[in-house]
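Chemist: Please work out how this folds:
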Amino acid sequence: MATFTLFLYSSLFLIFLITLKLLFKTKRFKNLPPGPPPLPIIGNLNLLEKPLHRFFQTMSKKHGDVFSLWFGSRLAVVISSPTAFQECFTKHDVILANRPKNLSGKHIFYNYTTVGSCSYGEHWRNLRRIVATDVLSSQRILSFSGIRKDETHRLVQKLAKDSSSEFAPVELTSTFRDMTYNNMMRMIAGKRYYGEDSELKDVDEAKEFRETVTELLKLAGVSNKADYLPFLKWFDFEDSSGATLEWAFCNLLNNPEVLKKAKDELDTQIGQDRLLNEADLPKLPYLKYIVQETLRLYPPAPLLIPHVSSEDITVEGFNIPSDTLVIVNGWGMQRDPKFWSDATSFKPERFEKEGEEKKLIAFGLGRRACPGEFMAMHGVSFTLGLLIQCFDWKRVSAEEIDMEEQTWFNLTKLLPLKAMCKTRPVVNKNLK
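Modeler: Just a heads-up that it's a prediction; the model follows:
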């Protein structure tokens, strides 16, 4: 009898706890943003399609600019409108300043202690202060101008080898990748690890480094079930500068009138007697507009970097509970015809209008915005301008460049970019 009584009381207590938890959960998840009904255990993982930014855009048309999904037992809210984006990262900036916890961050990002992976707090503020005032300050970036100049001139010389007298085919994808990685490694370690073996001081060390990076990228890109999504793909391991250069050239080759206008600006402001230098960039507004329009249509991280709410908040009238994953579909927002005229067309002239630049969100917003914006804009603009000044460009064939994307997180081109170039007189006048 005593045993039965104990069992009865235990069962009643267990039922009470389950009921209490269900009531709490119902209240906590009341008035969530609309979304598809989740399945037990897997949530909405069965619905995900590649590429995610296009899938999220389709979902936003069905469920609204703020909608919810379940990644297993983890609630995620996707933001697809500028008004909701502004509300999130102005009014709720501090609450949304945390990053998700996942296996990649634990084992590759030193247990969430790097500036990109750690949650908001004193440690992050110290790291951010170092980055903003020293590592990526405008003064520090400008101090490395000699490295960028040397690497870009090497790129020009490489392309000019076979195109001095007539148009010659060149493969630009790997060329841009090698240049941007060398830029980065020379700033960090003072060494070049990419390019032809004859250009490298230590071929074996360079080979080992490249193999290590390749292995790290593969490991970083693995989707762990405990992570629900391979978050590391949002991080800038895939070389956003090289990808932006590649997309910019694709658009210039497909829009020769834009390329001609950029070349005319360079010929007027710089000419063919000397090479472009970084100090000339403020005199080239149209070149800047080309880079901005490229970032609008082809942001390197189309979903930015995910955030996690530290408290319950309300966005656009919907409840977002604490510990919710908040994802911003920057790609979809920057192609939304409600906010951009002729949204899918490549028109750098749109940025001549005052205020258009502020609508760009490729680098995020708020205290967790990308601190490398100045370096990215500066480096891409300089390289793009020099290549337009030094070469005549055209497509390999009459057909337009294929713009198909890689199908996961980073927005990179599926097929390598090939083009035809011919050296202009300024190269022979200034480079041996």
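Chemist: Where does the prediction get shaky in the stretch 301-432 of the chain?
Modeler: 407-409 (pLDDT under 70).
Chemist: For it, just list every one of the helices.
Modeler: 330-333, 373-390, 425-430 (DSSP state H, counting those that start in this stretch).
Chemist: quick one: which helix or strand includes the residue lying closest to Ile147 once chain neighbours are set aside?
Modeler: Excluding the flanking residues, the one nearest Ile147 by C-beta to C-beta, 6 or more residues apart in numbering is Arg186, at 4.8 Å. The C-beta positions use only the backbone N, C-alpha and C, and glycine is treated the same way. Assigned by DSSP states H and E, Arg186 belongs to helix 173-188.
Chemist: Show me what that helix is packed up against.
Modeler: Counting by 3 or more C-beta pairs under 8 Å, 6 or more residues apart in numbering; DSSP states H and E, the packing neighbours recorded for helix 173-188 are helix 145-160, helix 240-254, helix 373-390.
Chemist: Contacts for that helix, please.
Modeler: 144, 147-148, 151-152, 154-155, 158-159, 191-195, 209, 239, 241-242, 245-246, 379, 383, 413, 416-417 (C-beta atoms under 8 Å, 6 or more residues apart in numbering).
Chemist: Let me know the distance separating the residue positioned nearest the centre of the chain from Arg99.
Modeler: Central residue of the chain (C-alpha atoms, centre = their mean): Ala301, 2.4 Å from the mean position. The gap separating Ala301 from Arg99 is 14 Å, by C-beta to C-beta, to the nearest Å.
Chemist: tell me the mean pLDDT for the helix holding Arg186?
Modeler: Average pLDDT, helix 173-188: 86.
Chemist: Which positions within that helix qualify as buried?
Modeler: Judged by neighbour count using 16 or more other C-beta atoms under 10 Å, the buried positions of helix 173-188 are 173, 175-187.
Chemist: Over to stretch 60-74?
Modeler: Result for stretch 60-74 [16+ other C-beta under 10 Å]: buried residues 60, 63-72, 74.
Chemist: my read: Phe56 touches Ser80, true?
Modeler: Yes - the pair Phe56 / Ser80 is scored as a contact, 6.7 Å apart, by C-beta atoms under 8 Å.
Chemist: Mutual contacts of those two, please.
Modeler: 329, 332.
Chemist: buried set for stretch 278-291?
Modeler: Those would be 278, 280-281, 284, 286-291, for stretch 278-291 by 16+ other C-beta under 10 Å.
Chemist: Just flag the most distant two among those residues.
Modeler: Glu278 and Tyr289 (17.8 Å; C-beta to C-beta).
Chemist: Glu122: which of the helices of the stretch 301-432 of the chain is closest?
Modeler: Nearest of the helices of the stretch 301-432 of the chain (C-beta to C-beta): helix 373-390, 24.4 Å.
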